[in-house]
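Trainee: All I have is the shape, not the residue letters:
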């Protein structure tokens with residue numbers, strides 16, 4: 001090989017490395033704008049000042065708390081300062097999640113032009129409540145502050161054709177209650193589209209991750225409006241498969257179009273005290289606001305709004321510059337054209353004797369071996385790290401080092417597998433990569449259409465280049481590799497942010513597909529060069545793994561998560577630490593605890609709990625009234641209960657064999673299901689927030705009339721003195737998360753249709 005040819009083969013991986021760096025840089029959020037930004041654009045600094053005013057005291061503000069009321073008061077004051085008329089809308093609602101409460105939404109309307117007042121409105125939605133454990137600066141006061149700044153910018157711009165409603169929901173963390181309440185408001189029938197802002201972390205790009213069925217028209221608008229788009233139809237395809245919901249899920253159920261934005265970086269701080277103002281990335285806030293302002297301005301100025309029920313789109317953003325999209329209905333034609341191109345390219349290469357069938361089979365075997373080895377070694381690495389205690393939670397402080405190791409793994413294996421192979425077989429290696437990518441394209445078109453572009457485009461580009469330039473396999477491989485880097489690398493890079501340690505092996509597989517067409521390029525290298533490359537990458541992997549093993553698992557930015565939970569019932573009263581049991585391998589015995597041991601605390605839940613400590617028994621609930629008549633096919637059960645310790649929430653847990661058909665709490669029926677519920681072997685619980693001294697009535701329609709074992713419970717955020725000592729010990733090594741520290745008093749109630757009078761209802 002000539003010196004020029006050698007330089008070309010080295011230059012291609014170098015250029016691909018540079019492209020990878022650009023992809024990662026463009027995958028992040030933009031530079032935040034300061035206070036001096038023009039009045040018509042979004043400024044992260046102005047939004048952050050709004051957020052700082054809202055969160056004057058960095059405290060949790062869950063539904064129904066005094067802190068929640070203070071946030072709401074400041075929010076209305078901020079809207080007043082913008083000159084936006086606003087109202088507080090209070091409603092008692094029950095969600096499909098089994099939670100009922102009084103909610104207090106805040107609604108402000110920016111009217112459209114007089115000519116278009118009858119036009120459907122665009123809603124900008126974010127929730128202002130937080131979980132009990134954290135102040136919720138990112139989740140979701142960042143969304144609230146972004147909407148305030150967007151509304152200011154909209155008012156500073158030209159008149160809008162249609163109305164824009166700023167909706168700040170309450171009780172999202174308790175089960176999308178504010179969204180359920182807004183569905184009942186008089187403005188809802190005129191709502192055309194909802195833009196919802198969320199966060200599952202404190203940093204990173206603002207993804208357009210959620211749309212609606214028949215999203216092609218919305219994607220058209222977003223593609224034209226967004227200045228730094230970060231989106232993909234893959235996100236929505238995967239999101240539909242997960243049991244997660246946002247406020248937008250409620251509105252989509254009611255037939256409304258929608259776009260959901262969220263940032264995902266720093267997920268370890270999500271729902272913890274570390275979700276504070278200091279942790280919020282201003283670039284993420286800027287990206288949130290840029291996206292919402294651009295999309296809202298475009299939608300509110302257009303003659304009509306996108307509606308669900310039309311065609312779906314395949315779409316993806318390219319380097320944060322442009323959204324490429326086409327209807328899903330085009331996929332069969334695109335696949336057929338790709339298959340034709342692949343067939344012509346393969347025929348031309350084989351006819352020109354550029355590669356023999358035996359060589360292609362050999363290289364195909366090598367590639368399959370690399371794929372199998374990536375999965376095997378990825379699984380073994382993960383197993384070894386878990387056994388050594390280096391993966392004690394979904395997200396840990398060693399995450400960056402571990403992600404680097406798993407992303408480098410397939411590159412090392414590509415080099416290792418090729419060490420025993422012959423040099424100068426680029427055509428055979430290219431054909432094998434092309435065949436495997438084409439097979440993947442066919443599978444994705446059939447099984448996951450929104451992800452089909454990930455394989456279709458690299459296969460089509462490689463086939464077209466190989467057909468046009470059959471004598472230049474390195475050029476074809478380079479072009480296909482560039483496509484893979486731009487399409488697959490964002491997933492390889494962000495999988496850990498989304499899934500934590502569960503995403504390490506998928507990240508390695510995505511990295512393999514990112515470098516899928518590198519094998520043809522490496523075949524032009526000498527065995528020695530490939531060996532040097534493999535050893536270098538292997539040493540980098542070992543260094544990253546060693547760093548991951550030596551680093552502390554947790555830090556202030558990546559805290560360990562544990563709750564103190566008192567559970568009293570069934571003749572037993574114990575305080576436990578609720579959290580991931582894997583953490584005991586690195587935390588040891590927290591001060592004040594004799595041991596770590598798995599605990600089963602609540603009969604209807606299987607949440608992991610550790611380190612039991614006896615406490616004083618809590619007063620059990622009182623059954624005030626019971627009606628449970630027997631029926632032939634179904635059964636009506638009505639139970640009125642009250643807390644003997646003035647707890648602020650009352651609940652009932654029902655076993656799966658009861659087959660709950662309907663539920664009403666205090667006369668209010670639960671909302672319609674967000675998705676069909678599978679009959680799974682798990683308990684369902686229903687809970688209602690009450691004032692001190694109030695009772696609650698649960699009315700259930702069950703699918704059978706057999707004897708039934710239920711559990712009644714109340715829950716409170718107050719802990720006993722002994723548990724406060726446990727909380728103090730926890731605070732030295734971890735933080736509360738989610739629902740936070742709480743006490744639960746529960747009792748067992750057996751219902752027998754043959755003896756259903758209230759006098760026989762014994763809660764024990």
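Mentor: Done, it's in. Owing to the predicted nature of the structure, the values given are computational and were not obtained by experimental measurement.

Trainee: how much distance is there from stretch 517-536 to the middle of the chain?
Mentor: Computed by Cα atoms, centre = their mean, to the nearest Å, the separation of stretch 517-536 from the middle of its chain amounts to 38 Å.

Trainee: next SSE after the least confident helix or strand in the chain by mean pLDDT?
Mentor: Ranking every helix and strand in the chain by mean pLDDT, DSSP states H and E puts strand 598-599 at the bottom, with a mean of 66. Next along the chain after strand 598-599, taking DSSP states H and E as the criterion, comes strand 609-614.

Trainee: average pLDDT across that next one?
Mentor: Per-residue pLDDT over strand 609-614 has a mean of 76.

Trainee: partners of the helix or strand following that strand in the sheet?
Mentor: Tracing the chain past strand 609-614, the next element assigned as helix or strand by DSSP H and E is strand 622-627. Here strand 622-627 is paired, per DSSP bridges, with strand 635-642 (antiparallel).

Trainee: any idea of the angle the helix or strand following the partner strand forms with strand 635-642?
Mentor: Tracing the chain past strand 635-642, the next element assigned as helix or strand by DSSP H and E is strand 649-654. With axes from the mean of the first three to the mean of the last three Cα atoms, to 10 degrees defining the directions, strand 649-654 sits at 150 degrees from strand 635-642.

Trainee: Now do the helix or strand just after strand 649-654 and strand 635-642, the angle between them.
Mentor: Reading on from strand 649-654 to the C-terminus, the next helix or strand found by DSSP H and E is strand 660-665. For strand 660-665 against strand 635-642, the angle by the same axes, to 10 degrees is 30 degrees.

Trainee: Tell me how far strand 660-665 lies from the chain's centre.
Mentor: Strand 660-665 has its C-alpha centroid displaced from the chain centroid by 29 Å (Cα atoms, centre = their mean).

Trainee: what lines up beside the very next helix or strand once past that strand in the sheet?
Mentor: From strand 660-665 onward toward the C-terminus, using DSSP H and E, the following helix or strand is strand 668-669. Here strand 668-669 has these sheet partners by DSSP bridges: strand 660-665 (antiparallel).

Trainee: quick one: contacts of the partner strand?
Mentor: Residues outside strand 660-665 that contact it (Cβ atoms under 8 Å, 6 or more residues apart in numbering): 94, 98, 100, 634, 654, 669-670, 684, 686, 688, 696-703. For the C-beta atoms, the positions are set from N, CA and C on the backbone; glycine is no exception.

Trainee: Mark which of those are buried, thanks.
Mentor: Members of those that pass the buried threshold by neighbour count (16 or more other Cβ atoms under 10 Å) are listed as 94, 98, 100, 654, 670, 684, 686, 688, 696-702.

Trainee: What is the nearest of those residues to residue 255?
Mentor: In terms of Cβ to Cβ, no member of those lies closer to residue 255 than residue 670, at 19.4 Å.

Trainee: Name the nearest residue to the closest one, sequence neighbours excluded.
Mentor: Beyond its immediate neighbours in the sequence, the residue positioned closest to residue 670 (Cβ to Cβ, 6 or more residues apart in numbering) is residue 94, lying 4.4 Å away.

Trainee: One more: residue 172?
Mentor: Distances taken as Cβ to Cβ, 6+ apart place residue 127 nearest to residue 172, at 3.4 Å, with adjacent residues excluded.

Trainee: Could you measure from the one you found over to residue 176?
Mentor: Residue 127 sits 9 Å away from residue 176, taking Cβ to Cβ, to the nearest Å as the criterion.

Trainee: okay, and the common contacts of the two?
Mentor: With Cβ under 8 Å, 6+ apart applied, the overlap between the contact sets of residue 127 and residue 176 consists of residue 247.

Trainee: So the two - more neighbours on which side?
Mentor: For residue 127 against residue 176, the residue with the higher neighbour count under other Cβ atoms under 10 Å is residue 127, and the figures read 30 against 26.

Trainee: pLDDT wise, what is the more buried one at?
Mentor: 98.

Trainee: and if you look at residue 356?
Mentor: Taking residue 356 on its own, its pLDDT is 64.

Trainee: how far is stretch 27-38 from where the chain is centred?
Mentor: Average the C-alpha atoms of stretch 27-38, do the same for its chain, and the two points are 24 Å apart (Cα atoms, centre = their mean).

Trainee: ugh, wrong one, stretch 46-61
Mentor: On Cα atoms, centre = their mean, the centre of stretch 46-61 falls 24 Å from the chain's centre.

Trainee: Which members of the buried ones among the contacts of strand 660-665 occur in strands, if any?
Mentor: Members of those lying in strands (criterion: DSSP state E): 94, 100, 654, 684, 686, 688, 696-702.

Trainee: Between those residues, which sits nearest residue 360?
Mentor: Sorting those by how near they are to residue 360, with Cβ to Cβ, puts residue 684 at the top with 55.7 Å.

Trainee: Tell me how far the closest one lies from residue 59.
Mentor: Residue 684 sits at a distance of 32 Å from residue 59 (criterion: Cβ to Cβ).

Trainee: thinking the residue nearest to residue 172 is in contact with residue 147, fair?
Mentor: No: the pair residue 127 and residue 147 fails to qualify as a contact (Cβ atoms under 8 Å) at a distance of 10.9 Å.

Trainee: the strands in the stretch 51-200 of the chain, which residues?
Mentor: Chain-ordered strands for the stretch 51-200 of the chain, with DSSP state E, counting those that start in this stretch as the definition, fall at 86-94, 99-110, 121-127, 164-169, 191-199.

Trainee: Pick the most buried one from the ones you listed.
Mentor: Mean neighbour counts were compared across those using mean count of other Cβ atoms under 10 Å; the top stretch is strand 121-127, at a mean of 28.

Trainee: Tell me who's in contact with residue 716.
Mentor: Shown here is residue 716, whose contacts under the criterion Cβ under 8 Å, 6+ apart are 645, 647-649, 742-743.

Trainee: same thing but at 10 Å, please
Mentor: With contact taken as Cβ atoms under 10 Å, 6 or more residues apart in numbering, residue 716 is in contact with 566, 618, 643, 645-649, 742-745.

Trainee: that older thread, didn't the residue nearest to residue 172 look like it was pressed against residue 144?
Mentor: Yes: using Cβ atoms under 10 Å, residue 127 is in contact with residue 144, at 7.8 Å.

Trainee: what residues do the two have in common as contacts?
Mentor: Listed contacts common to residue 127 and residue 144 are 136, 168-169, 197; contacts here mean Cβ under 10 Å, 6+ apart.

Trainee: could you dump those to a markdown table with pLDDT?
Mentor: Supplementary listing: these in a markdown table, determined by pLDDT from 0 to 100:
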| residue | pLDDT |
| --- | --- |
| 136 | 96 |
| 168 | 98 |
| 169 | 98 |
| 197 | 98 |
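
Trainee: Residue 269: which of these is nearest?
Mentor: In terms of Cβ to Cβ, no member of these lies closer to residue 269 than residue 136, at 11.0 Å.

Trainee: Nearest residue to that closest one in space, please, no chain neighbours.
Mentor: Once flanking residues are discounted, residue 136 sits nearest to residue 130: 2.9 Å by Cβ to Cβ, 6+ apart.

Trainee: Does the one you found touch residue 59 like I think?
Mentor: Yes: the pair residue 130 and residue 59 qualifies as a contact (Cβ under 10 Å) at a distance of 8.8 Å.

Trainee: Looking at these two, which one has more neighbours?
Mentor: Regarding residue 130 and residue 59, a neighbour count based on other Cβ under 10 Å identifies residue 130 as having more, with 28 against 16.

Trainee: dump the residue contacts of that one.
Mentor: Residues touching residue 130, when contacts are defined by Cβ under 10 Å, 6+ apart, comprise 55, 59-63, 65, 67-68, 71, 136-141, 172-173, 271, 275.

Trainee: buried residues in the lengthiest helix in the chain?
Mentor: The residue-count maximum for a helix in the chain (DSSP state H) belongs to helix 357-387. When neighbours are counted by 16+ other Cβ under 10 Å, the buried residues of helix 357-387 are found to be 359-360, 362-364, 366-367, 370-371, 373-375, 377-378, 381-382, 385.
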